[in-house]
Each structure stands twice: as structure tokens, then as C-alpha cells.
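> I'd like to go over a predicted model; first the sequence, then the structure.
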Amino acid sequence: MVNTGMQLISFTCAVTGWIMAIAVTTLPQWKVSAFIASNILTSEIKWEGIWMNCVYQTTGHMQCKTYDSMLALPPDIQAARALMCVAIFMGWLSCTVSCCGMKCTTCAGDDRRAKAGIALSGGILFIVTGLCVLVPVSWIANTVIQDFYNPAVPTMHKRELGQAIYLGWASAVILMISGAVLSSTCPHVERGAAGGAGGGGGGGGYHRGYIGRSFANALVDPPPKPAVNSYSLPMKEYV
């Protein structure tokens, strides 16, 4: 069971991973030029993203152009577009749900079972968001590596892994780890007060929710115990 501080830290990390996923989607540095031949000009660098390709020159001038046709793109780029858009939407939904299930919020009132269930749902959504980022990033990285070592691919068409690939891997890991921590606030089974003899009392049931004393019960002082005289001797009955 995590405390409120750990829950806030994991939520902040998850939001950071979601913002990184948005940056990965917009960046064009998914594939960069590979300078592996002596006749390749190093005065310009080519960047290829999932939405556009850019040519960056050493003079600081950069030209970008969006892809003309979506259906003409390779399957990995098309899948990356779809999954990254899904990841952005899922990340927004995860942030909304997790805010409602955190301990420091007043959503769902004092119903600890409802808040724990909402926190569990938000953590699972963050894990799904991380998977939606990890799949396209790893797929494109695998394609780049295969083309780089493929002798049939011309040298001028070979590419290397760009900065967006590494940022995407970091985003996926942060999202999944943060979601796992948030999911650890799932409802736990807690036994109530002991019932009567033979389990017939009504106070021996189970309830779900965050483990711990509520603030209302914490403010109530326990009843005072009767004073016991240590010097009193047991009375005996004499015949």
C-alpha cells in the first residue's frame, strides 16, 4: 500500500511521461541520416518523422515538408500515427481518472472503496498508454536497424535512430512504472471488528478500500479504562 506522497510522485511522473509522448509525436527526429560513406555530404542532415521530413543544414537553416499522402506511407509510419494519437488521448483520460482517485482529492467523498477503484483504473490506463507509445517506437527502431544492416538498401537511404526514438522509450518506461505504482492502490480486503461467539456478530464482516484509520475515527479518543488498585487484595470467604 502506497502513501499519499508516493501517489503524488507517481502521478507527477506519469504526467511527465505523457507530455514526453506528445513531444515524441510532434518531433521529426525519428530517423536521421547515417554518415557511413565518404561521398555523403555532411553539410545537411535529413530527419524523418511520422508527420513530416526535414532537412537541417549546418548553417542553421531548416526546411520541413509534410507527407503528401498518408496511404503511400509504409505500414510502420501509419501504425505509429494511429498509436501515438491513441496514446495522447489515453494519457489525457488517465490523468483525469487518476486525479479523481487520489487520496488528496475530495472526489467520491469518504468512500474509500470507490476511490481505490478509481485509482486502480487510472493506473491501468497509464500502463496502456505506455504500451501504445512503446509499440510504434520499437517497431520503427526495428525497421531502421534492419535497413541499416541490409546490404540491398543503398547507402544514401540508410538511416539511424533519432532522438525521438530514445525519448519515446523513456516516456513508455515512465508511464508504465508510474501506472504500476498507482495500480498498487487497488482495493484491499480488511477484516472489521470481531463479532460475537461463533462468528454470529455483525461486526466480523469484510470491507474494501484504502487500509488505514479514517480521520473521523482518529479524532475520537478511546474510552478511559477503569482504575485498578494494585494494592487491593482478593477477598476470601471465611466459614
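Ah, there it is.
> pLDDT below threshold where in this protein?
Residue ranges of the chain with pLDDT under 70: 1-2, 36-42, 104-111, 185-239.
> Where do the helices of it begin and end?
Assigned by DSSP state H, the helices in the chain fall at 4-26, 75-101, 112-148, 163-183, 215-218.
> Of those, which is nearest residue 52?
Among those, helix 4-26 comes nearest to residue 52, with 9.4 Å by Cβ to Cβ. No exception for glycine: its C-beta is placed from N, CA and C like everyone else's.
> Who are the packing partners of that closest one?
Helix 4-26 sits against helix 75-101, helix 112-148, helix 163-183, with contacts defined as 3 or more Cβ pairs under 8 Å, 6 or more residues apart in numbering; DSSP states H and E.
> Out of the ones you listed, which is closest to residue 35?
Among the helices and strands packed on helix 4-26, helix 112-148 sits nearest to residue 35 (Cβ to Cβ), with 12.1 Å.
> about what we covered before: quick one, which of the helices and strands packed on helix 4-26 is nearest to residue 23?
Minimum separation from residue 23 across the helices and strands packed on helix 4-26 (Cβ to Cβ) falls at helix 163-183, 6.6 Å.
> That closest one to helix 75-101, inter-axis angle?
30 degrees (axes from the mean of the first three to the mean of the last three Cα atoms, to 10 degrees).
> hmm, back to that, mind putting the helices and strands packed on helix 4-26 into TSV with mean neighbour count and distance to residue 14?
Formatted as TSV, the helices and strands packed on helix 4-26 follow (neighbours: other Cβ atoms under 10 Å; distance: least, Cβ to Cβ, whole Å):
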stretch	mean neighbour count	distance to residue 14
helix 75-101	19	7
helix 112-148	21	5
helix 163-183	21	4
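> Which of the helices of the chain sits closest to residue 55?
helix 163-183 (16.4 Å).
> And the closest one, what does it pack against?
In terms of contacts (3+ Cβ pairs under 8 Å, 6+ apart), helix 163-183 is packed against helix 4-26, helix 75-101, helix 112-148.
> now do 7 Å
Using 3 or more Cβ pairs under 7 Å, 6 or more residues apart in numbering; DSSP states H and E, the elements in contact with helix 163-183 are helix 4-26, helix 112-148.
> export those to JSON lines and tack on distance to residue 180?
Formatted as JSON lines, the helices and strands packed on helix 163-183 follow (distance: least, Cβ to Cβ, whole Å):
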{"stretch": "helix 4-26", "distance to residue 180": "8"}
{"stretch": "helix 112-148", "distance to residue 180": "7"}
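> Redo the helices of the chain as a markdown table? Include distance to residue 45.
Conversion of those to a markdown table gives the following (distance: least, Cβ to Cβ, whole Å):
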| stretch | distance to residue 45 |
| --- | --- |
| helix 4-26 | 18 |
| helix 75-101 | 19 |
| helix 112-148 | 15 |
| helix 163-183 | 12 |
| helix 215-218 | 59 |
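> wait, which of these is closest to residue 156?
helix 112-148 (11.9 Å).
> Residue 62 versus residue 46, what's the distance?
For residue 46, the distance to residue 62 equals 11 Å [Cβ to Cβ, to the nearest Å].
> follow-up on the earlier one: quick check: which of the helices and strands packed on helix 163-183 is nearest to residue 184?
helix 112-148 (7.5 Å).
> what about residue 20, distance to residue 13?
Per Cβ to Cβ, residue 20 is found 10 Å from residue 13.
> what touches both of these two?
In terms of Cβ atoms under 7 Å, 6 or more residues apart in numbering, residue 20 and residue 13 are not both contacted by any residue.
> Now tabulate the helices and strands packed on helix 4-26 in TSV and tack on distance to residue 154.
Putting those into TSV (distance: least, Cβ to Cβ, whole Å) gives the following:
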stretch	distance to residue 154
helix 75-101	19
helix 112-148	10
helix 163-183	22
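> Understood, closing this out.
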